[in-house]
Each structure stands twice: as C-alpha cells, then as structure tokens.
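Q: got a predicted structure here, sequence first:
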Amino acid sequence: MKIAIIADPELPVPPLLYGGIERIISMLIEGYIKLGHKVSLFAHPDSNTSAKLFAYSGLSSSNKLDVIKNTFLINRILIKNNFDIVHSFGRLAYLLPQLPVKLPKLMSYQREPSLGQIKKAITLSRKNSLSFTGCSAYISNQISPFATSYPIFNGVDLSIYDFVEKIKEDAPLVFLGRIEPIKGTHIAIKVAQATNKRLIIAGNIPAEYQNYFEQEIKPYLSDTITYIGPVNDSQKNKLLGSALAFLMPIEWNEPFGIVMAEAMACGTPVIAFNRGSVPEIVINGINGFSCNTVEEMIGLIGKVPQLNRQNIRRDCEERFSSTIIINHYLELYQKMIDNNK
C-alpha cells in the first residue's frame with residue numbers, strides 16, 4: 001500500500017521525551033515499512049523517520065496561518081501522488097479539501113473527539129470515503145452515532161521494554177506522566193504515604209502547572225518520595241521494570257494512557273482510577289486493579305503480590321504489542337479501500 005500519514009506540527013516523530021501520539025505514529029510507520037508498504041509523513045521538520053518526510057513550515061495547531069500553510073502542503077502532495085489511503089492523527093481541517101474525493105481517509109482520535117466537526121465532515125465527505133478510529137472504545141463509542149468508527153488501542157514496541165519477573169522487596173511505586181492535577185500526582189503521594197512505600201515521580205511539568213508542583217508536590221518530596229524529571233525510553237524502561245506498581249490516579253477521562261501498556265510490557269501491574277479507557281485496559285486481578293477512591297487504591301497496594309508478572313506481560317503482548325496494533329490498522333486500511341472501490 002501507498003500510505004500518507006498526517007501528524008500534528010508541534011512535536012517531531014518520534015518525540016525525544018513526552019509525546020504519546022507521535023510515538024504511536026513512529027511505531028506504525030516503521031512497522032509498515034518493514035512489511036513493504038510505502039509511507040509518506042507530514043510532520044515537524046525535526047522528525048527522524050524511515051518514511052518520506054514532508055516537513056511543516058507552520059509549527060502551531062492554534063495559529064490559523066500555520067494551519068493554512070500546513071493544509072496547503074498536505075493537499076498539494078495528496079493531489080500530486082496516487083495514495084491508497086491517508087491516515088490523519090492531526091487536525092480534521094487538514095483533510096477538508098479531500099472530503100469530497102474518493103481517496104479513503106481515516107481520522108484517528110487520541111483525545112476527546114470534536115463531534116460537531118465530525119458531523120460536518122461526514123456531511124461534506126464522499127460516501128464510504130471517511131472513517132474514524134478511537135484509541136479506545138471510550139473514544140470510538142462517542143463517534144459511532146454519527147460516523148463509521150472503530151476502536152483500535154495504542155501499542156508499544158515490546159523490544160524497547162524488558163520483562164522483569166522479580167523485583168526487589170523494597171521496590172517503589174511509580175507515577176509517570178505530566179505533573180498536573182488531572183493526572184493525580186498529588187494522589188499518588190497520598191497513596192505512598194499511607195502505605196509506607198517509596199514513590200518515584202517522573203514526567204514533565206507544564207509551565208501552567210508550575211504552581212501546582214510548588215504547592216502540592218514539592219513540599220512532600222523526601223528520601224522516600226522523589227521527583228526525577230522527564231525520562232527517555234531507556235530510563236522509562238528501567239523505571240517501570242523496577243516498580244512494584246504503576247499508579248494512575250487520574251481525575252479525568254483518560255482516552256488511553258500509553259504508559260499503562262508500557263508498564264505492563266515490563267510485567268508491572270497498573271492500579272488506576274476507573275475512568276475513561278481504564279475499564280478496557282485494566283483487567284482486575286490479571287494486569288492490575290481499578291478502583292474509584294483514594295482509600296480503595298491504598299487498600300489495593302497490599303494485593304499487588306497476588307499478581308503474576310508473567311501474565312501481565314502476556315496480556316500486553318496479546319492486546320497492546322506493536323505487531324498486533326499494526327495489523328489492526330492495515331486490516332482496516334484494506335477494508336476501507338475495498339469498500340471505496
């Protein structure tokens with residue numbers, strides 16, 4: 001197949017540190033190319049990819065001029081080349097000029113979908129030419145009343161994450177993610193304090209949440225509760241693999257949460273609040289536990305030794321491996337191409 005993939009312009013593909021969507025795009029591209037498919041990528045100029053890169057000149061999705069420049073680039077290339085399918089992880093607006101034409105178009109949502117835009121796009125699009133995916137059923141089910149939509153999980157490259165069968169007796173709890181209230185960093189601290197467990201906090205601090213860090217996190221840092229900053233893939237592998245459990249005390253509806261799958265790839269269980277996609281990802285008693293309150297999360301820490309880390313890794317291999325996710329997308333591409341003939 002000849003595949004065009006569209007990313008948002010803010011971060012390179014793959015990202016050096018934070019950037020879950022860009023990491024997924026990179027995983028798909030490298031997998032497609034290994035299978036013999038031809039891939040073109042529209043992305044940040046610093047992207048390091050095996051695909052043919054068409055670099056954006058506009059680097060902000062919120063700047064109207066940048067959006068116009070990027071839309072022009074994308075559609076100029078799409079018109080000049082005979083692609084079998086175009087798959088966008090970026091703005092739906094980028095596909096606007098292509099909606100009336102026959103080219104199969106797949107729009108993937110890794111965040112809450114813009115239902116108003118979706119309904120307008122379906123009205124403008126050629127029949128059977130536009131479909132959608134969500135990174136979980138939580139996302140795709142919001143789209144399905146208005147358009148053809150499929151749930152396809154995000155995946156991880158299992159070669160990056162080492163399975164760790166045995167951990168130290170004093171293995172820490174780990175929180176890994178953006179340091180902001182909805183991610184629940186402050187709740188992870190409460191859980192660690194109540195269970196007398198070490199806690200390692202990793203992740204970037206968005207500028208707008210620096211005060212949150214200063215007021216809700218920093219005062220509680222100690223010899224047993226530490227903050228190590230952002231981590232790269234190698235550091236993340238070591239951190240998650242050495243953990244007793246990965247805590248995800250989210251206070252929002254997480255669309256997927258790729259770090260849950262990354263923890264499971266190491267054999268590390270996930271303990272998460274039961275919101276967003278968590279009920280689909282966490283299988284209680286198999287790869288972790290889900291719960292609804294801080295008190296419940298505290299109580300579940302004592303049940304972690306009951307979990308089998310081999311089973312956790314196996315579940316990740318069967319549901320979240322890059323091979324599985326790549327095949328799901330390729331099967332969907334072919335289905336869309338066949339339906340659009």
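A: Great, that's in hand.

Q: how about the helices in the stretch 1-150 of the chain?
A: 20-34, 64-80, 115-124, 137-143 (DSSP state H, counting those that start in this stretch).

Q: out of the ones you listed, which is the most enclosed?
A: Stretch with highest mean neighbour count among the helices of the stretch 1-150 of the chain: helix 20-34 (a mean of 21; mean count of other CB atoms under 10 Å). (C-beta placed from N, C-alpha, C; glycine too.)

Q: so can I have a markdown table of the helices of the stretch 1-150 of the chain showing mean pLDDT and distance to residue 215?
A: Converted to a markdown table, the helices of the stretch 1-150 of the chain look like this (pLDDT from 0 to 100; distance: least, CB to CB, whole Å):
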| stretch | mean pLDDT | distance to residue 215 |
| --- | --- | --- |
| helix 20-34 | 95 | 27 |
| helix 64-80 | 97 | 34 |
| helix 115-124 | 97 | 36 |
| helix 137-143 | 98 | 31 |
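
Q: residue 174 contacts residue 203, correct?
A: No. Using CB atoms under 8 Å, residue 174 is not in contact with residue 203, being 10.4 Å away.

Q: more neighbours: which of the two?
A: When neighbours are counted by other CB atoms under 10 Å, residue 174 and residue 203 differ, and residue 174 comes out ahead with 24 against 21.

Q: just to be sure, the more buried one is in a strand?
A: Yes. Judged by DSSP: H, G, I helix; E, B strand; the rest coil, residue 174 forms part of a strand.

Q: show me what contacts the nearest residue to it once chain neighbours are set aside?
A: Spatial nearest neighbour of residue 174, chain neighbours left out: residue 243 (4.0 Å); criterion: CB to CB, 6 or more residues apart in numbering. Neighbour list for residue 243: 167, 171-174, 200, 263, 266, 268 [criterion: CB atoms under 8 Å, 6 or more residues apart in numbering].

Q: got phi/psi on residue 243?
A: Backbone torsions for residue 243, taken as degrees, to the nearest 10, come to phi -90, psi 150.

Q: quick one, strands of the stretch 201-341 of the chain?
A: Here the stretch 201-341 of the chain has its strands, by DSSP state E, counting those that start in this stretch, at 225-227, 245-248, 270-273, 288-291.

Q: which residues are contacting the last one?
A: With CB under 8 Å, 6+ apart as the test, strand 288-291 has contacts from 245-246, 264, 269-274, 278-279, 282, 284, 297, 300, 303, 307, 312.

Q: could you chop the chain up by domain?
A: 2-155+322-339, 173-319 (automatic domain parsing).

Q: can I get the contacts of residue 243 in JSON lines with pLDDT?
A: Formatted as JSON lines, those follow (pLDDT from 0 to 100):
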{"residue": "167", "pLDDT": "98"}
{"residue": "171", "pLDDT": "98"}
{"residue": "172", "pLDDT": "98"}
{"residue": "173", "pLDDT": "98"}
{"residue": "174", "pLDDT": "98"}
{"residue": "200", "pLDDT": "98"}
{"residue": "263", "pLDDT": "98"}
{"residue": "266", "pLDDT": "98"}
{"residue": "268", "pLDDT": "98"}
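
Q: out of those, who's nearest residue 74?
A: residue 263 (35.1 Å; CB to CB).

Q: contacts only, for the closest residue to that closest one other than its chain neighbours.
A: Nearest residue to residue 263 in three dimensions, chain neighbours excluded: residue 246, at 3.9 Å (CB to CB, 6+ apart). Residues in contact with residue 246 (CB under 8 Å, 6+ apart) are 173-176, 240, 259-260, 263, 268-271, 288.

Q: just the pLDDT for residue 149.
A: For residue 149, the pLDDT comes out at 98.

Q: which parts of stretch 77-96 are buried?
A: If you call a residue buried by 16 or more other CB atoms under 10 Å, then stretch 77-96 has these buried ones: 77-78, 83-92, 94-96.
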